[in-house]
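> would you be able to build a 3D model of this:
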Amino acid sequence: MKTVTQSPTAPDFVQDPYPFYDRLRAAGDFVHWSDYGMAMATTSAAVNAVLRHPKLGRAIPEGRRDPVPARLAPFYDIEAHSLLEIEPPDHTRLRKLALVAFTRNSVQALAPEITRMTRALTDAFPDGAFDLIDAFARPLPVQVIALLLGVPRDRCDDLLNWSNAMVAMYQARRDRAVEDKAARASAKFRDYVAALMAERRAAPGSDLISRLITSEVDGQHLSDDEIISTIILLLNAGHEATVHTIGNAVRHLTAHPQRDRALAPDGIETAVEECLRFDPPLHMFTRWVYEDVTILGQPFRAGDEVGCLLASACRDNAVWPDADTFDPLRRKRPNVAFGAGIHFCIGAPLARLELQLALPLLFERCPELRIVEPPEVANLYHFRGLKRLMVAR
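Next up, the predicted model:
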């Protein structure tokens, strides 16, 4: 396995990591990234194999767990019950119960409101140049999640601030200040969700929190800790990914000659998948090895941690010819932008619906939308999103 070195916070890498990924895939299915001290799956085949392997998972093995500092307990107490961080049988039970509440029909029922929100945000666009991230990409997803949860609109800023602080714990720039801010946000977020749950128990509604409280499979229910963690995960993962995907998608669609055709009703699903594939919002995620295994000829020992370079897998020419070209008319093929295997993103249907509704309506209402200064990617790795996207209409 070849060893490579690349700072994930280096400015050139943050702005364009894709040439680095090209070199990694050329080196093999797996490389050792010295800055992370672990093997990385680089190709579509390798990433899919790791994500779907039954002997690998997200829960930290007993022998690899470090004691949690008391100052970070509010954050890790939430993580302990998160779908993202547990394995079967607990994961199977929790996901089944969550899906009883978070059904496809309940997601589709949000479509009229997503359309209304999109229209309201575009109506509020100022004359002259403005930042599309602040004016559109950031507020839309949090408003949708707030609607889903039955959270008042005037608390969206709180949800956004808590979410941003917690998600920063997964970024390469994590430091003591990031950790302390995340711990404070976690405590406030937990207390707020607990208060909402108490309100819903007293007066149930049709919102997701009410449905999670009453969700039942084979006589089993979700605990309060599980409900709180599930709600926070849906906001943190769903909001972060959708904000970045909207910004990245608009960046690539704005001047594309096939944009209008791609955004037509019979093309939008394909266009959204190409946006997710070409410039996904999450670039790397990890798995732990639970038993000695060999994957595509590469041996791993129990206790190893393996990274999955999702964005590298999505640029694999073995799956997508001319993969470094953005083609919103490209034939749809499964990608790993939302993961794969048992930890496939539970919020993917909602994110896709938002994108399929918001992107066509944005360009319908702003047909002359243009980018007026070079976009700058924010220093958020493992995430990829724009610091701002200055546009005019």
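> quick check: longest helix of this structure.
Assignment by DSSP state H gives helix 224-253 as the longest helix of the chain.
> how far away is Glu376 from Lys387?
5 Å (C-beta to C-beta, to the nearest Å). The C-beta positions use only the backbone N, C-alpha and C, and glycine is treated the same way.
> now do the strands in the chain.
Using DSSP state E, the strands of the chain run over 2-4, 30-33, 38-41, 56-57, 130-131, 284-289, 293-295, 298-300, 305-309, 370-371, 376-377, 386-388, 390-392.
> and the last one, what does it pack onto?
The reference is to strand 390-392. strand 130-131, strand 370-371 (3 or more C-beta pairs under 8 Å, 6 or more residues apart in numbering; DSSP states H and E).
> ok, now the longest one?
Applying 3+ C-beta pairs under 8 Å, 6+ apart, one finds that strand 284-289 makes contact with strand 56-57, strand 305-309, helix 310-313.
> off-centre distance for the first one?
Which is strand 56-57. 19 Å (C-alpha atoms, centre = their mean, to the nearest Å).
> for it, what is the average pLDDT?
For strand 56-57, mean pLDDT is 98.
> repeat that for the last one.
On average, the pLDDT along helix 310-313 is 99.
> and that helix, how far from the chain's centre?
With C-alpha atoms, centre = their mean, you get 14 Å for helix 310-313.
> so who does the nearest residue to Leu253 once chain neighbours are set aside touch?
Distances taken as C-beta to C-beta, 6 or more residues apart in numbering place Arg259 nearest to Leu253, at 5.1 Å, with adjacent residues excluded. By C-beta atoms under 8 Å, 6 or more residues apart in numbering, the contact set of Arg259 is Leu253, Pro328, Phe363.
> gap between the first one and Arg261?
Put plainly, it is Leu253. Separation of Leu253 from Arg261 (C-beta to C-beta): 11 Å.
> which of those two has more neighbours?
With neighbours defined as other C-beta atoms under 10 Å, Leu253 and Arg261 compare such that Leu253 has more, 22 against 13.
> test my guess that the more buried one contacts Leu359.
Yes - assessed by C-beta atoms under 8 Å, Leu253 is found in contact with Leu359 at 7.0 Å.
> need the residues touching each of those two.
Residues touching both Leu253 and Leu359 by C-beta under 8 Å, 6+ apart: Leu263, Ala271, Cys275.
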